[in-house]
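Visitor: Provide a 3D model corresponding to the input given below.
(2 chains)
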Amino acid sequence: MSATLIPISGLQVASRKDMGEAMAQGGGCSSGSCGSSQGPADMDPETWAKVKDHPCYSEEAHHYFARMHVAVAPACNIQCNYCNRKYDCANESRPGVVSERLTPEQAARKVLAVAASVPQLSVLGIAGPGDAAYDWRRTKATFDLVSKDLPDIKLCLSSNGLALPDHIDEIVAMNIDHVTITINAIDPEIGQHIYPWIFYDGKRRTGIEAATILRDRQMLSLEMLKARGVLVKVNSVLIPGINDDHLIEVNKAVKARGAFLHNIMPLISDPAHGTHFGLTGQRGPTGAELKKVQDACAGGANLMRHCRQCRADAVGLLGEDRGQDFTLDKLPEVIADASEARTAYRDWVAEERRDRAAAAAQAEATVAETGKSTLFAVCTRGSGRINMHFGKVTEFQIYEADAEGIRFVGHRRADNYCLGGHGDKARMDEILRVLEDVPYVLCSKIGAGPKKRLAEAGIEAIDGLAQDYIETAIAAVLHSKTARPGRTAESA
Amino acid sequence: MALKIVKSQCTVCGACEFECPNAAIKFKGDAYIIDAEKCTECEGQFDAPQCAAVCPVPNTCVPA
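Guide: Take a look at the predicted model:
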(Lines give C-alpha, C1' and ligand atoms only; values in the text may rest on other atoms or scores of the structure.)
Protein backbone atom coordinates (compact mmCIF):
# COMPACT_ATOMS: atom_id res chain seq x y z
CA MET A 1 0.00 0.00 0.00
CA SER A 2 2.90 2.36 0.41
CA ALA A 3 3.83 2.36 -3.25
CA THR A 4 1.78 4.76 -5.27
CA LEU A 5 1.19 4.65 -8.97
CA ILE A 6 2.09 7.66 -11.00
CA PRO A 7 -0.74 10.17 -11.14
CA ILE A 8 -2.00 11.53 -14.42
CA SER A 9 0.12 14.60 -13.91
CA GLY A 10 3.14 12.36 -13.94
CA LEU A 11 2.33 11.44 -17.48
CA GLN A 12 2.46 14.95 -18.79
CA VAL A 13 6.12 14.63 -19.52
CA ALA A 14 8.19 15.84 -22.38
CA SER A 15 10.37 12.82 -22.92
CA ARG A 16 10.67 9.16 -22.28
CA LYS A 17 13.46 9.83 -19.84
CA ASP A 18 11.19 12.07 -17.79
CA MET A 19 8.60 9.34 -17.79
CA GLY A 20 11.17 6.90 -16.52
CA GLU A 21 12.05 9.24 -13.70
CA ALA A 22 8.42 9.78 -12.84
CA MET A 23 8.05 6.02 -12.68
CA ALA A 24 11.08 5.62 -10.45
CA GLN A 25 9.71 8.16 -7.99
CA GLY A 26 6.09 7.23 -8.09
CA GLY A 27 6.49 3.51 -7.93
CA GLY A 28 5.10 0.96 -10.26
CA CYS A 29 5.09 -2.74 -10.57
CA SER A 30 6.69 -4.16 -7.50
CA SER A 31 7.41 -7.49 -9.01
CA GLY A 32 10.01 -9.03 -11.19
CA SER A 33 9.58 -11.27 -14.11
CA CYS A 34 7.04 -13.93 -14.44
CA GLY A 35 4.58 -16.29 -15.93
CA SER A 36 5.10 -17.15 -19.44
CA SER A 37 8.61 -15.79 -19.63
CA GLN A 38 8.19 -15.43 -23.33
CA GLY A 39 8.36 -12.27 -25.34
CA PRO A 40 7.19 -11.35 -28.81
CA ALA A 41 9.86 -13.53 -30.42
CA ASP A 42 8.52 -16.69 -28.77
CA MET A 43 4.88 -16.69 -29.84
CA ASP A 44 2.72 -15.84 -32.80
CA PRO A 45 1.83 -12.16 -33.17
CA GLU A 46 -1.83 -12.79 -32.43
CA THR A 47 -1.06 -14.42 -29.06
CA TRP A 48 1.50 -11.77 -28.18
CA ALA A 49 -1.06 -9.07 -28.91
CA LYS A 50 -3.42 -10.73 -26.45
CA VAL A 51 -0.97 -11.17 -23.60
CA LYS A 52 1.37 -8.23 -23.93
CA ASP A 53 -0.63 -5.97 -21.65
CA HIS A 54 -1.96 -8.62 -19.28
CA PRO A 55 0.12 -8.78 -16.10
CA CYS A 56 -1.04 -12.29 -15.21
CA TYR A 57 -0.39 -13.85 -18.61
CA SER A 58 2.94 -12.38 -19.56
CA GLU A 59 6.24 -12.07 -17.77
CA GLU A 60 6.87 -8.96 -19.74
CA ALA A 61 3.57 -7.29 -19.02
CA HIS A 62 3.54 -7.49 -15.27
CA HIS A 63 6.50 -5.17 -15.00
CA TYR A 64 4.34 -2.46 -16.45
CA PHE A 65 0.64 -3.13 -16.27
CA ALA A 66 -1.93 -3.17 -13.53
CA ARG A 67 -5.06 -5.22 -13.11
CA MET A 68 -8.07 -4.78 -10.94
CA HIS A 69 -10.65 -7.19 -9.65
CA VAL A 70 -14.17 -6.17 -8.79
CA ALA A 71 -16.00 -8.33 -6.30
CA VAL A 72 -19.36 -8.52 -8.03
CA ALA A 73 -19.82 -12.29 -8.10
CA PRO A 74 -20.34 -13.66 -4.61
CA ALA A 75 -22.39 -16.75 -5.51
CA CYS A 76 -20.61 -20.05 -6.00
CA ASN A 77 -21.66 -23.47 -7.15
CA ILE A 78 -19.05 -25.55 -5.39
CA GLN A 79 -17.40 -25.77 -1.99
CA CYS A 80 -13.63 -26.06 -1.74
CA ASN A 81 -11.91 -27.19 1.43
CA TYR A 82 -9.59 -24.16 1.32
CA CYS A 83 -12.40 -21.63 1.16
CA ASN A 84 -14.55 -20.15 3.89
CA ARG A 85 -17.29 -18.08 2.36
CA LYS A 86 -18.04 -16.17 5.53
CA TYR A 87 -14.57 -14.66 5.82
CA ASP A 88 -13.93 -11.07 4.78
CA CYS A 89 -10.94 -9.04 5.82
CA ALA A 90 -9.42 -5.75 4.78
CA ASN A 91 -5.90 -6.63 5.88
CA GLU A 92 -5.34 -9.97 4.35
CA SER A 93 -4.21 -10.71 0.88
CA ARG A 94 -5.34 -13.98 -0.59
CA PRO A 95 -7.90 -15.19 -3.10
CA GLY A 96 -11.56 -14.99 -2.24
CA VAL A 97 -11.11 -12.30 0.38
CA VAL A 98 -12.82 -8.95 -0.14
CA SER A 99 -13.81 -6.03 2.02
CA GLU A 100 -16.83 -4.84 0.10
CA ARG A 101 -19.05 -6.35 -2.52
CA LEU A 102 -20.32 -4.29 -5.38
CA THR A 103 -23.30 -4.22 -7.65
CA PRO A 104 -22.41 -4.14 -11.35
CA GLU A 105 -23.21 -0.39 -11.40
CA GLN A 106 -20.98 0.32 -8.42
CA ALA A 107 -18.26 -1.83 -9.93
CA ALA A 108 -18.38 0.04 -13.24
CA ARG A 109 -17.99 3.33 -11.37
CA LYS A 110 -15.04 1.99 -9.45
CA VAL A 111 -13.34 0.76 -12.62
CA LEU A 112 -13.81 4.17 -14.19
CA ALA A 113 -12.30 5.86 -11.15
CA VAL A 114 -9.28 3.57 -11.13
CA ALA A 115 -8.79 3.92 -14.88
CA ALA A 116 -8.84 7.69 -14.51
CA SER A 117 -6.05 7.72 -11.92
CA VAL A 118 -4.00 4.62 -12.73
CA PRO A 119 -2.75 4.77 -16.33
CA GLN A 120 -1.11 1.37 -15.92
CA LEU A 121 -4.55 -0.23 -15.73
CA SER A 122 -5.01 -2.66 -18.60
CA VAL A 123 -7.17 -5.47 -17.27
CA LEU A 124 -10.42 -5.85 -15.40
CA GLY A 125 -10.91 -9.30 -13.92
CA ILE A 126 -13.81 -10.86 -12.10
CA ALA A 127 -12.61 -13.53 -9.74
CA GLY A 128 -15.39 -13.98 -7.27
CA PRO A 129 -15.40 -13.92 -4.32
CA GLY A 130 -17.71 -16.66 -5.62
CA ASP A 131 -17.59 -17.98 -9.16
CA ALA A 132 -17.68 -15.51 -12.04
CA ALA A 133 -19.21 -17.99 -14.49
CA TYR A 134 -21.83 -19.28 -12.08
CA ASP A 135 -22.80 -15.77 -10.97
CA TRP A 136 -22.96 -14.92 -14.65
CA ARG A 137 -25.69 -12.29 -14.63
CA ARG A 138 -23.63 -10.02 -12.40
CA THR A 139 -20.41 -10.77 -14.22
CA LYS A 140 -21.92 -10.04 -17.62
CA ALA A 141 -23.72 -6.90 -16.46
CA THR A 142 -20.44 -5.54 -15.11
CA PHE A 143 -18.50 -6.33 -18.26
CA ASP A 144 -21.21 -4.78 -20.44
CA LEU A 145 -21.08 -1.52 -18.48
CA VAL A 146 -17.29 -1.34 -18.41
CA SER A 147 -16.71 -2.19 -22.05
CA LYS A 148 -19.09 0.62 -23.00
CA ASP A 149 -17.09 3.22 -21.04
CA LEU A 150 -13.61 1.77 -21.39
CA PRO A 151 -13.24 -0.17 -24.61
CA ASP A 152 -9.44 -0.35 -24.22
CA ILE A 153 -9.55 -2.28 -20.94
CA LYS A 154 -9.22 -6.03 -21.38
CA LEU A 155 -11.76 -8.22 -19.64
CA CYS A 156 -10.98 -11.52 -18.01
CA LEU A 157 -12.58 -13.88 -15.58
CA SER A 158 -11.76 -16.72 -13.27
CA SER A 159 -13.91 -19.77 -12.63
CA ASN A 160 -13.94 -23.29 -11.27
CA GLY A 161 -15.20 -24.36 -14.71
CA LEU A 162 -18.43 -26.04 -13.66
CA ALA A 163 -20.70 -23.42 -15.23
CA LEU A 164 -18.27 -22.18 -17.88
CA PRO A 165 -19.44 -24.32 -20.83
CA ASP A 166 -22.86 -22.65 -20.58
CA HIS A 167 -21.40 -19.22 -21.32
CA ILE A 168 -18.63 -19.83 -23.83
CA ASP A 169 -20.43 -18.16 -26.73
CA GLU A 170 -21.15 -15.05 -24.67
CA ILE A 171 -17.54 -14.96 -23.48
CA VAL A 172 -16.33 -15.02 -27.07
CA ALA A 173 -18.92 -12.43 -28.13
CA MET A 174 -17.73 -10.09 -25.37
CA ASN A 175 -14.13 -10.30 -26.60
CA ILE A 176 -12.91 -11.88 -23.41
CA ASP A 177 -9.49 -13.20 -24.38
CA HIS A 178 -8.42 -14.59 -21.03
CA VAL A 179 -10.13 -17.11 -18.80
CA THR A 180 -8.64 -18.76 -15.73
CA ILE A 181 -9.91 -22.15 -14.59
CA THR A 182 -8.93 -23.52 -11.22
CA ILE A 183 -8.16 -27.22 -11.60
CA ASN A 184 -6.72 -28.92 -8.54
CA ALA A 185 -7.10 -32.54 -9.65
CA ILE A 186 -7.97 -34.57 -12.70
CA ASP A 187 -8.36 -37.78 -10.71
CA PRO A 188 -11.72 -37.79 -8.88
CA GLU A 189 -10.18 -39.99 -6.16
CA ILE A 190 -8.01 -37.00 -5.32
CA GLY A 191 -10.61 -34.36 -6.18
CA GLN A 192 -13.03 -35.72 -3.60
CA HIS A 193 -10.61 -34.71 -0.85
CA ILE A 194 -10.58 -31.12 -2.10
CA TYR A 195 -14.24 -30.56 -2.99
CA PRO A 196 -16.80 -31.66 -0.40
CA TRP A 197 -19.68 -30.85 -2.75
CA ILE A 198 -20.79 -29.26 -5.98
CA PHE A 199 -24.21 -27.98 -7.00
CA TYR A 200 -24.97 -29.14 -10.49
CA ASP A 201 -28.12 -29.76 -12.51
CA GLY A 202 -30.46 -29.03 -9.61
CA LYS A 203 -28.71 -31.19 -7.09
CA ARG A 204 -25.98 -31.06 -4.49
CA ARG A 205 -23.50 -33.81 -5.30
CA THR A 206 -20.66 -35.17 -3.22
CA GLY A 207 -17.70 -37.55 -3.28
CA ILE A 208 -16.46 -39.20 -6.45
CA GLU A 209 -19.57 -38.17 -8.38
CA ALA A 210 -18.98 -34.48 -7.63
CA ALA A 211 -15.29 -34.64 -8.42
CA THR A 212 -15.93 -36.50 -11.68
CA ILE A 213 -18.55 -34.04 -12.94
CA LEU A 214 -16.37 -31.10 -12.00
CA ARG A 215 -13.32 -32.59 -13.74
CA ASP A 216 -15.30 -33.34 -16.90
CA ARG A 217 -16.77 -29.84 -17.03
CA GLN A 218 -13.35 -28.29 -16.46
CA MET A 219 -11.82 -30.28 -19.33
CA LEU A 220 -14.78 -29.39 -21.54
CA SER A 221 -14.38 -25.71 -20.70
CA LEU A 222 -10.70 -25.80 -21.52
CA GLU A 223 -11.28 -27.54 -24.83
CA MET A 224 -14.13 -25.23 -25.84
CA LEU A 225 -12.19 -22.09 -24.99
CA LYS A 226 -9.08 -23.32 -26.74
CA ALA A 227 -11.11 -24.11 -29.87
CA ARG A 228 -12.36 -20.52 -29.90
CA GLY A 229 -8.97 -18.94 -29.45
CA VAL A 230 -9.46 -17.81 -25.85
CA LEU A 231 -6.27 -18.08 -23.79
CA VAL A 232 -6.74 -20.25 -20.73
CA LYS A 233 -4.66 -20.10 -17.59
CA VAL A 234 -5.07 -23.02 -15.23
CA ASN A 235 -4.67 -22.35 -11.53
CA SER A 236 -3.86 -25.24 -9.21
CA VAL A 237 -3.59 -25.08 -5.45
CA LEU A 238 -0.73 -27.22 -4.17
CA ILE A 239 -1.98 -29.15 -1.14
CA PRO A 240 0.80 -31.24 0.42
CA GLY A 241 -0.14 -34.87 0.89
CA ILE A 242 -3.22 -34.52 -1.31
CA ASN A 243 -2.30 -33.38 -4.81
CA ASP A 244 1.44 -32.56 -4.79
CA ASP A 245 2.61 -35.40 -7.02
CA HIS A 246 -0.66 -35.36 -8.91
CA LEU A 247 -0.18 -31.80 -10.14
CA ILE A 248 2.38 -33.09 -12.63
CA GLU A 249 -0.45 -35.13 -14.19
CA VAL A 250 -2.69 -32.06 -14.10
CA ASN A 251 0.03 -30.09 -15.87
CA LYS A 252 0.27 -32.69 -18.63
CA ALA A 253 -3.50 -32.94 -19.02
CA VAL A 254 -4.04 -29.20 -19.32
CA LYS A 255 -1.13 -28.82 -21.69
CA ALA A 256 -2.61 -31.53 -23.92
CA ARG A 257 -5.85 -29.56 -24.02
CA GLY A 258 -4.16 -26.32 -24.95
CA ALA A 259 -3.80 -24.38 -21.70
CA PHE A 260 -1.64 -21.32 -22.26
CA LEU A 261 -0.25 -21.14 -18.76
CA HIS A 262 -0.29 -23.21 -15.58
CA ASN A 263 -0.12 -21.45 -12.24
CA ILE A 264 0.73 -23.72 -9.32
CA MET A 265 0.06 -21.81 -6.11
CA PRO A 266 0.70 -22.78 -2.51
CA LEU A 267 -2.27 -23.59 -0.28
CA ILE A 268 -2.80 -20.80 2.24
CA SER A 269 -4.05 -22.43 5.40
CA ASP A 270 -4.63 -21.08 8.88
CA PRO A 271 -7.10 -22.14 11.56
CA ALA A 272 -8.13 -18.49 11.91
CA HIS A 273 -9.48 -18.50 8.35
CA GLY A 274 -12.08 -21.07 9.36
CA THR A 275 -11.60 -23.19 6.26
CA HIS A 276 -11.89 -26.96 6.39
CA PHE A 277 -8.18 -27.32 5.70
CA GLY A 278 -7.34 -24.63 8.23
CA LEU A 279 -9.40 -26.24 10.94
CA THR A 280 -8.11 -29.76 10.28
CA GLY A 281 -4.47 -28.70 10.38
CA GLN A 282 -3.74 -29.24 6.69
CA ARG A 283 -0.57 -27.28 6.10
CA GLY A 284 0.52 -25.34 3.04
CA PRO A 285 3.70 -26.25 1.16
CA THR A 286 7.11 -24.77 1.91
CA GLY A 287 8.80 -22.69 -0.78
CA ALA A 288 11.07 -25.62 -1.56
CA GLU A 289 8.12 -28.03 -1.95
CA LEU A 290 6.39 -25.60 -4.28
CA LYS A 291 9.52 -25.15 -6.38
CA LYS A 292 10.02 -28.93 -6.55
CA VAL A 293 6.58 -29.46 -8.03
CA GLN A 294 7.00 -26.51 -10.39
CA ASP A 295 10.37 -27.79 -11.54
CA ALA A 296 8.95 -31.30 -12.03
CA CYS A 297 6.47 -29.79 -14.49
CA ALA A 298 9.27 -28.59 -16.77
CA GLY A 299 8.51 -29.44 -20.36
CA GLY A 300 4.77 -29.41 -19.74
CA ALA A 301 2.45 -26.42 -19.83
CA ASN A 302 4.27 -23.12 -19.26
CA LEU A 303 4.36 -22.18 -15.63
CA MET A 304 3.39 -18.88 -14.12
CA ARG A 305 5.74 -18.10 -11.27
CA HIS A 306 4.82 -14.53 -10.46
CA CYS A 307 1.36 -15.02 -9.00
CA ARG A 308 0.75 -13.07 -5.80
CA GLN A 309 -2.52 -14.84 -5.00
CA CYS A 310 -4.37 -11.58 -4.89
CA ARG A 311 -7.71 -10.71 -3.39
CA ALA A 312 -10.98 -10.70 -5.27
CA ASP A 313 -10.94 -6.89 -5.02
CA ALA A 314 -7.26 -6.19 -5.66
CA VAL A 315 -6.25 -3.03 -7.52
CA GLY A 316 -2.85 -2.21 -8.94
CA LEU A 317 0.29 -3.92 -10.14
CA LEU A 318 0.90 -7.47 -9.00
CA GLY A 319 2.62 -7.41 -5.64
CA GLU A 320 0.85 -4.31 -4.46
CA ASP A 321 -2.75 -3.71 -3.65
CA ARG A 322 -4.39 -0.32 -3.75
CA GLY A 323 -7.88 -1.73 -3.30
CA GLN A 324 -8.37 0.21 -0.07
CA ASP A 325 -7.74 3.49 -1.93
CA PHE A 326 -10.74 2.88 -4.13
CA THR A 327 -13.49 1.77 -1.80
CA LEU A 328 -16.94 3.07 -2.66
CA ASP A 329 -16.88 5.84 -0.08
CA LYS A 330 -13.67 7.20 -1.62
CA LEU A 331 -14.86 7.39 -5.22
CA PRO A 332 -15.27 10.94 -6.51
CA GLU A 333 -18.72 12.22 -7.45
CA VAL A 334 -17.80 12.94 -11.02
CA ILE A 335 -15.34 10.74 -12.79
CA ALA A 336 -13.78 11.83 -16.05
CA ASP A 337 -11.82 9.17 -17.86
CA ALA A 338 -8.31 9.92 -19.05
CA SER A 339 -7.80 7.44 -21.83
CA GLU A 340 -5.07 9.64 -23.34
CA ALA A 341 -2.97 8.99 -20.23
CA ARG A 342 -3.26 5.25 -20.76
CA THR A 343 -2.34 5.66 -24.40
CA ALA A 344 0.69 7.77 -23.48
CA TYR A 345 1.70 5.24 -20.89
CA ARG A 346 1.39 2.34 -23.32
CA ASP A 347 3.51 4.16 -25.88
CA TRP A 348 6.16 4.70 -23.24
CA VAL A 349 6.05 1.01 -22.28
CA ALA A 350 6.53 -0.05 -25.88
CA GLU A 351 9.80 1.85 -26.10
CA GLU A 352 10.94 0.89 -22.64
CA ARG A 353 10.35 -2.76 -23.45
CA ARG A 354 12.52 -2.62 -26.55
CA ASP A 355 15.33 -1.10 -24.52
CA ARG A 356 15.02 -3.60 -21.74
CA ALA A 357 14.94 -6.55 -24.14
CA ALA A 358 18.10 -5.31 -25.81
CA ALA A 359 19.81 -4.79 -22.45
CA ALA A 360 18.73 -8.24 -21.28
CA ALA A 361 20.00 -9.93 -24.43
CA GLN A 362 23.36 -8.27 -24.04
CA ALA A 363 23.53 -9.17 -20.35
CA GLU A 364 22.61 -12.78 -21.05
CA ALA A 365 25.36 -13.11 -23.59
CA THR A 366 27.84 -11.96 -20.93
CA VAL A 367 26.46 -14.32 -18.32
CA ALA A 368 26.48 -17.31 -20.64
CA GLU A 369 30.27 -17.15 -20.58
CA THR A 370 30.47 -17.43 -16.79
CA GLY A 371 28.60 -20.73 -16.60
CA LYS A 372 27.82 -21.58 -13.00
CA SER A 373 24.41 -20.95 -11.48
CA THR A 374 24.02 -17.99 -9.11
CA LEU A 375 20.95 -16.62 -7.37
CA PHE A 376 20.23 -12.91 -6.95
CA ALA A 377 17.64 -11.27 -4.72
CA VAL A 378 16.38 -8.13 -6.43
CA CYS A 379 14.62 -5.18 -4.79
CA THR A 380 12.39 -3.63 -7.42
CA ARG A 381 9.19 -1.70 -7.68
CA GLY A 382 8.83 -2.44 -11.36
CA SER A 383 9.89 -1.57 -14.88
CA GLY A 384 12.51 -4.33 -14.68
CA ARG A 385 14.93 -2.10 -12.81
CA ILE A 386 16.81 -2.11 -9.50
CA ASN A 387 14.82 0.68 -7.93
CA MET A 388 13.79 -0.14 -4.40
CA HIS A 389 15.39 0.54 -1.05
CA PHE A 390 16.30 -2.60 0.86
CA GLY A 391 14.42 -1.33 3.88
CA LYS A 392 11.20 -0.84 1.92
CA VAL A 393 11.07 -4.25 0.34
CA THR A 394 8.33 -6.69 1.27
CA GLU A 395 9.31 -9.31 -1.25
CA PHE A 396 12.45 -10.15 -3.16
CA GLN A 397 12.45 -11.10 -6.81
CA ILE A 398 14.75 -14.09 -7.14
CA TYR A 399 16.71 -14.32 -10.37
CA GLU A 400 18.93 -17.17 -11.43
CA ALA A 401 21.87 -16.66 -13.77
CA ASP A 402 23.65 -19.56 -15.42
CA ALA A 403 24.84 -20.76 -18.81
CA GLU A 404 21.24 -20.69 -20.03
CA GLY A 405 20.93 -16.99 -19.31
CA ILE A 406 19.18 -14.89 -16.66
CA ARG A 407 15.67 -15.65 -15.57
CA PHE A 408 13.16 -14.95 -12.86
CA VAL A 409 12.58 -18.03 -10.71
CA GLY A 410 10.15 -16.77 -8.09
CA HIS A 411 9.51 -14.24 -5.38
CA ARG A 412 10.15 -14.65 -1.71
CA ARG A 413 8.23 -12.66 0.81
CA ALA A 414 10.06 -11.07 3.65
CA ASP A 415 7.02 -9.86 5.54
CA ASN A 416 5.05 -13.09 5.33
CA TYR A 417 1.56 -11.75 5.78
CA CYS A 418 1.75 -10.67 9.40
CA LEU A 419 5.00 -9.86 11.12
CA GLY A 420 3.47 -6.71 12.56
CA GLY A 421 4.69 -5.99 16.04
CA HIS A 422 7.73 -8.23 15.87
CA GLY A 423 10.08 -5.37 15.13
CA ASP A 424 13.01 -5.02 12.79
CA LYS A 425 15.03 -7.81 14.26
CA ALA A 426 12.37 -10.39 13.47
CA ARG A 427 12.09 -8.97 9.98
CA MET A 428 15.83 -9.24 9.41
CA ASP A 429 15.85 -12.80 10.74
CA GLU A 430 13.10 -13.64 8.28
CA ILE A 431 15.05 -12.04 5.42
CA LEU A 432 18.17 -14.03 6.29
CA ARG A 433 16.06 -17.17 6.40
CA VAL A 434 14.43 -16.65 2.98
CA LEU A 435 17.73 -15.62 1.38
CA GLU A 436 19.67 -18.54 2.80
CA ASP A 437 20.83 -19.80 -0.60
CA VAL A 438 21.20 -16.37 -2.23
CA PRO A 439 24.69 -14.77 -2.27
CA TYR A 440 23.74 -11.33 -3.67
CA VAL A 441 21.12 -8.70 -2.93
CA LEU A 442 20.63 -5.93 -5.48
CA CYS A 443 18.88 -2.81 -4.22
CA SER A 444 18.81 0.92 -4.86
CA LYS A 445 20.07 1.69 -1.36
CA ILE A 446 20.76 -0.07 1.91
CA GLY A 447 21.69 1.10 5.41
CA ALA A 448 25.06 0.24 6.94
CA GLY A 449 23.53 -1.94 9.68
CA PRO A 450 21.51 -4.24 7.44
CA LYS A 451 24.40 -4.40 4.98
CA LYS A 452 26.68 -5.62 7.77
CA ARG A 453 24.19 -8.20 8.99
CA LEU A 454 23.78 -9.55 5.48
CA ALA A 455 27.54 -9.69 5.07
CA GLU A 456 27.85 -11.67 8.30
CA ALA A 457 25.44 -14.18 6.80
CA GLY A 458 27.54 -14.38 3.66
CA ILE A 459 25.24 -12.22 1.55
CA GLU A 460 26.69 -9.29 -0.35
CA ALA A 461 24.34 -6.32 -0.70
CA ILE A 462 25.05 -4.20 -3.75
CA ASP A 463 23.51 -0.74 -4.12
CA GLY A 464 25.85 0.71 -6.71
CA LEU A 465 23.72 -0.43 -9.63
CA ALA A 466 20.56 1.50 -8.76
CA GLN A 467 18.20 2.18 -11.70
CA ASP A 468 19.96 -0.33 -13.93
CA TYR A 469 17.92 -2.98 -15.69
CA ILE A 470 17.93 -6.14 -13.58
CA GLU A 471 19.65 -8.27 -16.21
CA THR A 472 22.29 -5.62 -16.86
CA ALA A 473 23.05 -5.35 -13.15
CA ILE A 474 23.31 -9.12 -12.72
CA ALA A 475 25.65 -9.36 -15.68
CA ALA A 476 27.78 -6.55 -14.22
CA VAL A 477 28.07 -8.31 -10.86
CA LEU A 478 28.98 -11.63 -12.43
CA HIS A 479 31.43 -9.95 -14.73
CA SER A 480 33.23 -8.23 -11.86
CA LYS A 481 33.33 -11.46 -9.84
CA THR A 482 34.62 -13.66 -12.63
CA ALA A 483 37.17 -11.06 -13.71
CA ARG A 484 39.07 -11.46 -10.45
CA PRO A 485 39.87 -15.20 -10.67
CA GLY A 486 40.93 -14.50 -14.23
CA ARG A 487 43.51 -11.97 -13.08
CA THR A 488 44.74 -14.34 -10.39
CA ALA A 489 45.25 -17.03 -12.98
CA GLU A 490 47.21 -14.63 -15.15
CA SER A 491 49.51 -13.51 -12.38
CA ALA A 492 50.13 -17.08 -11.21
CA MET B 1 -44.74 -25.34 3.77
CA ALA B 2 -41.93 -22.96 3.25
CA LEU B 3 -38.30 -22.34 4.03
CA LYS B 4 -36.70 -19.30 5.62
CA ILE B 5 -33.19 -17.89 5.60
CA VAL B 6 -31.36 -17.49 8.90
CA LYS B 7 -30.08 -13.98 8.47
CA SER B 8 -27.19 -14.23 10.92
CA GLN B 9 -25.75 -17.14 8.94
CA CYS B 10 -26.37 -15.81 5.44
CA THR B 11 -23.34 -14.64 3.44
CA VAL B 12 -25.65 -12.70 1.08
CA CYS B 13 -24.14 -14.42 -1.95
CA GLY B 14 -27.49 -14.65 -3.71
CA ALA B 15 -27.05 -18.13 -5.16
CA CYS B 16 -30.42 -19.12 -3.72
CA GLU B 17 -32.15 -16.26 -5.51
CA PHE B 18 -31.39 -17.51 -8.96
CA GLU B 19 -31.69 -21.20 -8.17
CA CYS B 20 -35.19 -20.80 -6.74
CA PRO B 21 -37.61 -22.23 -9.33
CA ASN B 22 -40.47 -20.20 -7.91
CA ALA B 23 -38.87 -16.75 -7.81
CA ALA B 24 -39.69 -16.77 -4.12
CA ILE B 25 -36.39 -15.27 -2.96
CA LYS B 26 -35.71 -11.55 -3.10
CA PHE B 27 -33.08 -9.20 -1.77
CA LYS B 28 -34.78 -6.76 0.56
CA GLY B 29 -32.94 -4.14 2.54
CA ASP B 30 -29.76 -5.93 3.44
CA ALA B 31 -30.82 -9.57 3.30
CA TYR B 32 -32.35 -12.25 1.17
CA ILE B 33 -35.79 -13.35 2.26
CA ILE B 34 -38.08 -16.16 1.15
CA ASP B 35 -41.68 -15.33 0.29
CA ALA B 36 -43.58 -18.08 2.12
CA GLU B 37 -46.52 -17.65 -0.25
CA LYS B 38 -44.40 -18.63 -3.24
CA CYS B 39 -42.10 -21.21 -1.63
CA THR B 40 -42.99 -24.82 -2.37
CA GLU B 41 -39.87 -26.30 -0.75
CA CYS B 42 -39.30 -27.46 -4.33
CA GLU B 43 -41.79 -30.26 -3.72
CA GLY B 44 -42.43 -32.03 -7.02
CA GLN B 45 -39.82 -29.91 -8.75
CA PHE B 46 -36.53 -31.15 -7.33
CA ASP B 47 -35.25 -33.80 -4.94
CA ALA B 48 -34.41 -31.16 -2.37
CA PRO B 49 -35.03 -27.43 -1.87
CA GLN B 50 -32.67 -25.69 -4.26
CA CYS B 51 -31.80 -22.84 -1.90
CA ALA B 52 -30.61 -25.24 0.78
CA ALA B 53 -28.74 -27.37 -1.77
CA VAL B 54 -26.71 -24.47 -3.11
CA CYS B 55 -26.25 -22.50 0.13
CA PRO B 56 -22.61 -22.51 1.25
CA VAL B 57 -23.44 -22.28 4.95
CA PRO B 58 -25.04 -25.29 6.66
CA ASN B 59 -28.40 -24.79 8.38
CA THR B 60 -29.09 -21.43 6.80
CA CYS B 61 -32.04 -22.27 4.52
CA VAL B 62 -34.26 -24.11 7.00
CA PRO B 63 -37.97 -24.94 7.43
CA ALA B 64 -39.85 -21.85 8.56
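
Visitor: Show me the strands in chain B, by range?
Guide: Across chain B, reading from the start of the chain, the strands by DSSP state E fall at B:3-5, B:25-28, B:31-34, B:61-63.

Visitor: So which other helices or strands are in contact with the last one?
Guide: Right, strand B:61-63. Using 3 or more CB pairs under 8 Å, 6 or more residues apart in numbering or on different chains; DSSP states H and E as the contact test, the elements touching strand B:61-63 are strand B:3-5, helix B:50-54. Quick note: C-beta positions are derived from backbone N, CA and C, even for glycine.

Visitor: Identify the residue of the stretch 201-350 of chain A closest to chain B, quick one.
Guide: Taking CB to the nearest CB, chain B has its nearest neighbour within the stretch 201-350 of chain A at A:Arg204, 4.1 Å off.

Visitor: so what pLDDT did the most centrally placed residue in chain B get?
Guide: For chain B, the residue sitting closest to the mean C-alpha position, by CA atoms, centre = their mean, is B:Cys51 at 4.1 Å. Turning to B:Cys51, the model gives it a pLDDT of 97.

Visitor: Could I get the contacting residues of it?
Guide: When the contact criterion is CB atoms under 8 Å, 6 or more residues apart in numbering or on different chains, the partners of B:Cys51 are B:Leu3, B:Ile5, B:Cys16, B:Glu19, B:Cys20, B:Ile25, B:Ile34, B:Cys61.

Visitor: ok so, going back, please produce TSV containing the strands of chain B, extended by mean neighbour count.
Guide: As requested, these are exported to TSV (neighbours: other CB atoms under 10 Å in any protein chain shown):
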stretch	mean neighbour count
strand B:3-5	20
strand B:25-28	14
strand B:31-34	18
strand B:61-63	17
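
Visitor: To A:Pro55, which of those strands lies closest?
Guide: Taking CB to CB as the criterion, A:Pro55 comes closest to strand B:25-28 out of the strands of chain B, the separation being 34.1 Å.

Visitor: Can the closest one be said to contact chain A?
Guide: No - contact of strand B:25-28 with chain A is not found when judged by CB under 8 Å from any CB of the partner chain; the minimum separation is 10.3 Å.

Visitor: now B:Lys26, nearest residue through space, not along the chain?
Guide: Across the structure, with CB to CB, 6 or more residues apart in numbering or on different chains as the measure, the residue nearest B:Lys26 apart from its sequence neighbours is B:Ile33 (6.4 Å).

Visitor: ah, wrong one, I meant A:Ile186
Guide: Beyond its immediate neighbours in the sequence, the residue positioned closest to A:Ile186 (CB to CB, 6+ apart) is A:Ala253, lying 4.9 Å away.

Visitor: Run a quick neighbour tally on that neighbour.
Guide: The burial count assigned to A:Ala253 is 20, neighbours taken as other CB atoms under 10 Å in any protein chain shown.

Visitor: who's in contact with the residue nearest to B:Lys26?
Guide: B:Ile33 sits next to B:Lys4, B:Ile5, B:Ile25, B:Lys26 when contact means CB under 8 Å, 6+ apart.

Visitor: Let me know the distance separating the last one from B:Cys39.
Guide: Computed as CB to CB, to the nearest Å, the B:Lys26 to B:Cys39 distance reads 12 Å.

Visitor: again with A:His69
Guide: 35 Å.

Visitor: Among these two, which residue is more densely surrounded?
Guide: For A:His69 versus B:Cys39, neighbours defined as other CB under 10 Å are more numerous around A:His69 (27 against 20).

Visitor: Which pLDDT value belongs to the more buried one?
Guide: At A:His69 the predicted local distance difference test score is 88.
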